[in-house]
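Student: Okay, sequence plus prediction incoming.
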Amino acid sequence: MSQYLIRRLLLFIPTMLLATILVFALFSIVPGDAAVFLLTGEDAGGRVTNEDFERLRKDLGLDRPIYVQYADWLWGVLRGDLGQSLYYGTPFGFELIERFARTFELAALAIVMAFVAAVPLGILSAMKQDSGLDYASRVIALIGIAMPTFWIGVLVIYGLVYGTGWLPPLEYAHLWEDPVQNLKLMLLPAAVIGFHDMAFTARVTRSAMLEVMREDYMRTARSKGLREWVVVGRHALKNALLPVITVSGYQFGRLLGGVIIVEQIFVVPGVGKFLIDAINHRDFPVIQGVILMTAAVVLLLNLIIDMLYGILDPRIRYS
Amino acid sequence: MIDQTSEQATLTREALPAPGIASRTWTNLLRFIRTKPLGAVGGFIVLVLLFVAVLAPVLAPYDPRSTPAAPWEAPNSTYLLGADYVGRDVLSRLIYGARISLYVGMGSVVVGITVSFILGVALTYAGGIIDTISQRIVDSLMSLPGLLIALAIMAVVTPSLNTVILAIVIGMIAPVIRTVRSQVLSLRELDYVTAALAVGAPPWRIILRHIVPNCFATYLVLATYYLGFAIIIESSLSFLGVGTPPDQPSWGGMLVRAASAHVKSGPWLAIFPGLSIFLVVMGFNLLGDALRDVFDPRLRGR
């Protein structure tokens, strides 16, 4: 097993490194660099001379060869320095981490809610295959997958305004300062994202359960005279949940995409607003930072899941 | 079991007198509708989308850019689905929006899936260090959600329908390459590929004659799914205000104003564009599910 863990750990490093190269390359191969956008953007105004342009390029370090720029940037990232915002001219690393923490809280809340709803739904669906319940839960899953998250968000806001006249508070509160206020704000957006994820997780749970149900050991367990809930809980669920957890982990990235959108609707000061503002301002270092952070979080999460898998799955544990 | 069914299928096909192509297509179509009613519903939704998109100028009662109504006019007999915040007819914008969804969806899928397919087959076949490196690149690309990749691309290009397509394509390449790779790897192990190798067929011949035709079903199924994906990403980008330029009636863009400051002003503006996206994506997914069942019986019921 240790061999598996080491190999998996070693795989993480080149993948992460490649992610930094991709992120960096995207903003370097574009026609015209940051200096062009800064000087010719809507906010620049006035006439620009070639000298202005060259001076700015020098200030930003854009006149150096590309690999020097990359090495410089990577060295900064490794020391925890993501650079300065082009638009505001200030370092943004700290704010980014703070905002990412909120986004992460929202995503985690959504995943928990999705899991709590999806797993029982998926199990019931598989146990009573082709029943009305199975059909209903499959339809819910299909609806959840096809409904864009932002539309669910918009509908929820409308439902609240017309139905109850209540809206989630706009004032953000820290989880550790005012947990009630924080949860009041986070619960609805989390439910919206969770609904989408639930649909997917329920589908995966159903097919994983169906797969396990066909195994020989299930028949053995039943013929031993074990009660049905023991058979399902101890023998089926334990084996079916592993792939469900893996797939959910890999889904986390997609979930973050949904969070970015839903944050806009519910005015959660997470990374979403930060990113959209940065895109509108062509604030490349900030966009780079957000993408790099997302990639790091997702890759780390996948690493942890694979490691857990190695520990939980006897087939890998003993190999 | 799979072998048996395909053998039976060959037998019946040979035993029956060959019917005309037209009637055979009809029979197949009728059988598809009978055995896959949900898939047929999906196919119907897709056909309606095609119909509306093609005939938009005939069907739309107003020019989607003109402002004949009063701002926020509620649905009535003149403006069936009401008007938006500047007085544009919502129904006409929805009808023209079908064109954008279809154009972006088809464009992304034709370009994206085709490019990923060629890359997937070629890289897998190249093997060795090239395959390893490309797999690591795919890994790191896959650590980013498609929407985030698309957002990053939109930051460096001028927003237009074609750059939106480019952004979506780059966001979908990695997972498609991954799927194609696993398909190619398993096809390569099959006996007829070994046989072809044994008689000395060059790699290009094996790829073109044996691998690619057997990937066709995967291609079709992936294309159907990713059409839904592309439409969602397009509308998400437009909803976030960085996608399709605002003067074009994108369904996602129509929801922007509905979501923000004007919550109390007009629920019709929040309901209908979202409903259109939902139905169309649902249609493509249902069709994709049914096509997968038809082409790949091993995955049936998943």
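Tutor: Here it is on my side, so go on. Numbers count the residues shown, from 1 in each chain, chains lettered A, B, ... in the order given.

Student: Run a quick neighbour tally on residue A:219.
Tutor: Residues lying near residue A:219 (other CB atoms under 10 Å in any protein chain shown) number 12. Using the backbone N, CA and C atoms, a C-beta is placed for each residue, glycine as well.

Student: Name the helix or strand for it, please.
Tutor: Per DSSP states H and E: residue A:219 is located in helix A:216-223.

Student: so residue 123, which of the three states?
Tutor: Defaulting to chain A. The three-state assignment at residue A:123 reads helix, by DSSP: H, G, I helix; E, B strand; the rest coil.

Student: hm, I was asking about chain B
Tutor: Put simply, residue B:123 is helix when judged by three-state DSSP.

Student: what's around it, how many residues?
Tutor: When neighbours are defined as other CB under 10 Å, residue B:123 has 21 of them.

Student: which helices and strands sit right next to the helix or strand hosting residue B:237?
Tutor: In the assignment (DSSP H and E), residue B:237 maps to helix B:212-239. Contact here means 3 or more CB pairs under 8 Å, 6 or more residues apart in numbering or on different chains; DSSP states H and E; on that basis helix B:212-239 packs against helix A:149-163, helix A:238-266, helix B:90-126, helix B:146-156, helix B:161-188, helix B:251-259, helix B:267-295.

Student: contacts for stretch B:40-60?
Tutor: B:32-33, B:89, B:91-92, B:95-96, B:98-99, B:101-103, B:279-280, B:282-290 (CB atoms under 8 Å, 6 or more residues apart in numbering or on different chains).

Student: ok, now stretch B:246-258?
Tutor: Contacts with stretch B:246-258, where a contact means CB under 8 Å, 6+ apart, come from A:148, A:150-151, A:154, B:64-65, B:84-85, B:88, B:90, B:92-94, B:96-97, B:100-101, B:161, B:234-239, B:241, B:243-244, B:266, B:269-270, B:273-274, B:276-277.

Student: Just the buried residues of those.
Tutor: A:148, A:150-151, A:154, B:64, B:84, B:88, B:90, B:92-94, B:96-97, B:100-101, B:161, B:234-239, B:241, B:243-244, B:266, B:269-270, B:273-274, B:276-277 (16 or more other CB atoms under 10 Å in any protein chain shown).

Student: and the gap between residue B:144 and residue B:267?
Tutor: For residue B:144, the distance to residue B:267 equals 35 Å [CB to CB, to the nearest Å].

Student: Who has more neighbours out of the two?
Tutor: Using other CB under 10 Å, the more surrounded residue of residue B:144 and residue B:267 is residue B:144, with 27 against 19.

Student: Could you look up the SS state of the more buried one?
Tutor: Residue B:144 - assigned by three-state DSSP - is coil.

Student: per-residue pLDDT, the residue nearest to it when sequence neighbours are not counted?
Tutor: Sequence neighbours aside, residue A:295 is the residue nearest to residue B:144 in space, at 5.6 Å (criterion: CB to CB, 6 or more residues apart in numbering or on different chains). We note a pLDDT of 89 for residue A:295 in this prediction.

Student: Which residues are in contact with residue A:295?
Tutor: Residue A:295 touches A:16, A:19, A:23, B:140, B:143-144, counting by CB under 8 Å, 6+ apart.

Student: at 7 Å instead, please
Tutor: Contact analysis of residue A:295 by CB atoms under 7 Å, 6 or more residues apart in numbering or on different chains lists A:19, B:140, B:143-144.

Student: Surely it forms part of a strand?
Tutor: No: per three-state DSSP, residue A:295 lies outside any strand segment and is helix.

Student: returning to what we had before: gap between the helix holding residue B:237 and the chain center?
Tutor: Mean-position distance between helix B:212-239 and its chain equals 3 Å (CA atoms, centre = their mean, to the nearest Å).

Student: buried sites along that helix?
Tutor: Applying 16+ other CB under 10 Å to helix B:212-239 flags B:212, B:214-215, B:218-239 as buried.

Student: circling back: for residue A:310, find the nearest of the helices and strands packed on helix B:212-239.
Tutor: Minimum separation from residue A:310 across the helices and strands packed on helix B:212-239 (CB to CB) falls at helix A:238-266, 11.3 Å.

Student: what about residue B:184, how many residues close to it?
Tutor: The number of residues packed near residue B:184 is 22, by other CB under 10 Å.

Student: Same question for residue A:253.
Tutor: The burial count for residue A:253: 23, using other CB under 10 Å.

Student: Next one: it, what pLDDT does it get?
Tutor: In this model, residue A:253 carries a pLDDT of 80.

Student: residues contacting it?
Tutor: A:298, B:143-145.

Student: Residue 173: what's it in contact with?
Tutor: Answering for chain A, as no chain was given. Contact analysis of residue A:173 by CB under 7 Å, 6+ apart lists A:181-182, A:185.

Student: that's the wrong chain, I meant chain B
Tutor: Contact analysis of residue B:173 by CB under 7 Å, 6+ apart lists B:112, B:115-116, B:141.

Student: Now that we have these, which of them are buried?
Tutor: In those, burial by neighbour count holds for B:112, B:115-116, B:141, counting by 16+ other CB under 10 Å.

Student: May I see these arranged in a markdown table, with distance to residue A:55 as well?
Tutor: Formatted as a markdown table, those follow (distance: CB to CB, whole Å):
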| residue | distance to residue A:55 |
| --- | --- |
| B:112 | 41 |
| B:115 | 40 |
| B:116 | 43 |
| B:141 | 36 |
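
Student: From those, pick the one nearest residue A:267.
Tutor: Lowest distance from residue A:267 to these (CB to CB) belongs to residue B:141, with 31.0 Å.

Student: Quick one: name the residues of chain A near chain B.
Tutor: Within reach of chain B by CB under 7 Å from any CB of the partner chain, chain A has these residues: A:14-15, A:18-19, A:22, A:26-27, A:30, A:142, A:145-148, A:150-151, A:154-155, A:157-158, A:161, A:207, A:253-254, A:256-257, A:260-261, A:264-265, A:275-276, A:279, A:282, A:287, A:291, A:294-295, A:298-299.

Student: interface residues of the stretch 1-150 of chain B facing chain A?
Tutor: By CB under 7 Å from any CB, the residues of the stretch 1-150 of chain B that approach chain A are B:136-137, B:139-141, B:143-148.

Student: How about the contacts made by the nearest residue to residue B:139 once chain neighbours are set aside?
Tutor: The spatially closest residue to residue B:139, leaving aside those adjacent along the chain, is residue A:15, at 4.7 Å (CB to CB, 6+ apart). Residue A:15 makes contact with A:299, B:136, B:139-140 under the criterion CB under 7 Å, 6+ apart.

Student: Could you work out the most separated pair of those residues?
Tutor: A:299 and B:136 (11.5 Å).

Student: ok, these two, which is more surrounded?
Tutor: The residue with more neighbours, out of residue A:299 and residue B:136, is residue A:299; 21 against 16, by other CB under 10 Å.

Student: okay, and for chain A, where does confidence drop off?
Tutor: Across chain A, the ranges flagged by pLDDT under 70 are A:1, A:29-49, A:165-172, A:316-319.

Student: Now do the same contact list for the residue nearest the centre of it.
Tutor: The centre of chain A sits closest to residue A:256, judged by CA atoms, centre = their mean, with a distance of 2.7 Å. Applying CB under 7 Å, 6+ apart to residue A:256 gives the contacts A:107, A:294, B:145.

Student: again, only this time at 10 Å
Tutor: By CB atoms under 10 Å, 6 or more residues apart in numbering or on different chains, the residues touching residue A:256 are A:100, A:103-104, A:106-107, A:110, A:193, A:270-272, A:293-294, A:297-298, B:144-145, B:147-148.
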